[in-house]
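Participant: here are the coordinates; sequence isn't available:
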């Protein structure tokens, strides 16, 4: 009969939990709340195998709540309604755990809003993706968000020691080191490999582990590294015009299983935010990249993404457009609305049609002069400045 190390080693109490010390150290607010049995709508997000589901079960136990596990990939609205109906007249609210909560449709997320608002249940979600991008604003405003990190080497070694206490086996130092390294912060991955190895031998060797798993998991390599952090590193490297670093993080994102269209969408945003009119073609190429990878997919999309990343990293950088719209929106939010000059209102006969004056004519467009856009004169921005000067200078 094969072992099930994940079940055997699953902690039942908060103080048995391994990892996430940035959240669960005894001086941390989350630890104190859970110890008091306080429950609140929560989303745990981070890479696989870092304890999100396990902590949700501990939460339910600490508050004496009924625990319901639902998978977002197969969840039906009726499932939620049945649970709520079952606990309609009970004092203790059920804890409904939704795994892969980011996979819920917008409509499914909206169904949760009313029971969350009325506190008919406690929703705890788990996600491997950043909820700031995947969850609706309605859900985000009702939950506490906690980021889980991959287990570090010391925590994974503690897990191995705990396994040795529960199950009698021997493991060499080099095998232990490989077991930790190849798991890349994923406790489930480590326990699965250890379980496979124990099915082969009780004296675990490095050779056996390598035969069972010859490549490490590529979700992250230490406690500070998650798949969405890799995207952030790629964007910052492109912004910093480091072509090789940009390609490295692109490769990491691809190997970690990031979707091609997700990467491309981030490149489209960067092309406007960080390059803008310093090289207007950057937005064209990034947009075409998004279209192309949406139709093609991997493995060929890696070449298209590579071309785009190299181009963007090599382009002149300017955030003038980004800063300009920020300034304009800030002004609109903090000042009374300016009256629209009568000459540019709809169907106004006072309007001077620029084309009737050779392309430009001086007239009033704002009630008072306010400057939002400050060109940095980088790349093609310099050409735009010259065009504006020429257009206005000839006629003024």
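Facilitator: Yes, it's here. Nothing here was measured: the structure is a model prediction, and the numbers come from that model.
Participant: what residue is smack in the middle of this protein?
Facilitator: Centroid-nearest residue in the chain, with CA atoms, centre = their mean: residue 130, separated by 2.6 Å.
Participant: Give me the distance between that residue and residue 51.
Facilitator: Distance, residue 130 to residue 51, by CB to CB, to the nearest Å: 18 Å. Every residue, glycine included, has its C-beta placed from N, CA and C.
Participant: Strands along the stretch 101-250 of the chain, start to end?
Facilitator: Using DSSP state E, counting those that start in this stretch, the strands of the stretch 101-250 of the chain run over residues 122-127, 144-147, 170-171, 203-204.
Participant: Quick one: mean pLDDT over the second one.
Facilitator: Strand 144-147 shows a mean pLDDT of 93.
Participant: Any buried residues in it, and which?
Facilitator: Of the residues in strand 144-147, 146, 147 count as buried by neighbour count, 16 or more other CB atoms under 10 Å.
Participant: most tightly surrounded among the strands of the stretch 101-250 of the chain?
Facilitator: strand 122-127 (a mean of 25; mean count of other CB atoms under 10 Å).
Participant: Can you give the contact residues for that strand?
Facilitator: Outside strand 122-127, the residues within contact range by CB atoms under 8 Å, 6 or more residues apart in numbering are 39-45, 52-53, 56, 59, 63, 65, 93-102, 112, 115-116, 131, 134-135, 143.
Participant: try stretch 20-34
Facilitator: Residues outside stretch 20-34 that contact it (CB under 8 Å, 6+ apart) are 14, 17, 40, 50, 51, 55, 58, 59, 62, 146, 148, 149.
Participant: pretty sure the fifth one contacts residue 186?
Facilitator: No: look at residue 51 against residue 186 with CB atoms under 8 Å: they stay out of range, at 10.5 Å.
Participant: More neighbours: which of those two?
Facilitator: residue 51 (25 against 22; other CB atoms under 10 Å).
Participant: Mind jotting down where the helices sit in the stretch 201-350 of the chain?
Facilitator: Counting by DSSP state H, counting those that start in this stretch, the stretch 201-350 of the chain has these helices, from start to end: 206-212, 227-239, 243-255, 260-270, 281-296, 301-314, 320-334.
Participant: ok, back up a step: only the buried subset of the contacts of strand 122-127, as a PyMOL command please.
Facilitator: With 16+ other CB under 10 Å as the burial test, the buried ones among the contacts of strand 122-127 are selected in PyMOL as follows:
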select buried, resi 39+41+42+43+44+45+52+53+56+59+63+65+93+94+95+96+97+98+99+100+101+102+112+115+116+131+134+135+143
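Participant: Take the contacts of strand 122-127 and keep only those in strands.
Facilitator: Under the assignment DSSP state E, the contacts of strand 122-127 contribute 42, 43, 44, 45, 95, 96, 97, 98, 99 to strands.
Participant: now, among those residues, which is nearest to residue 272?
Facilitator: Residue 272 lies nearest to residue 45 out of those, by CB to CB, at 26.9 Å.
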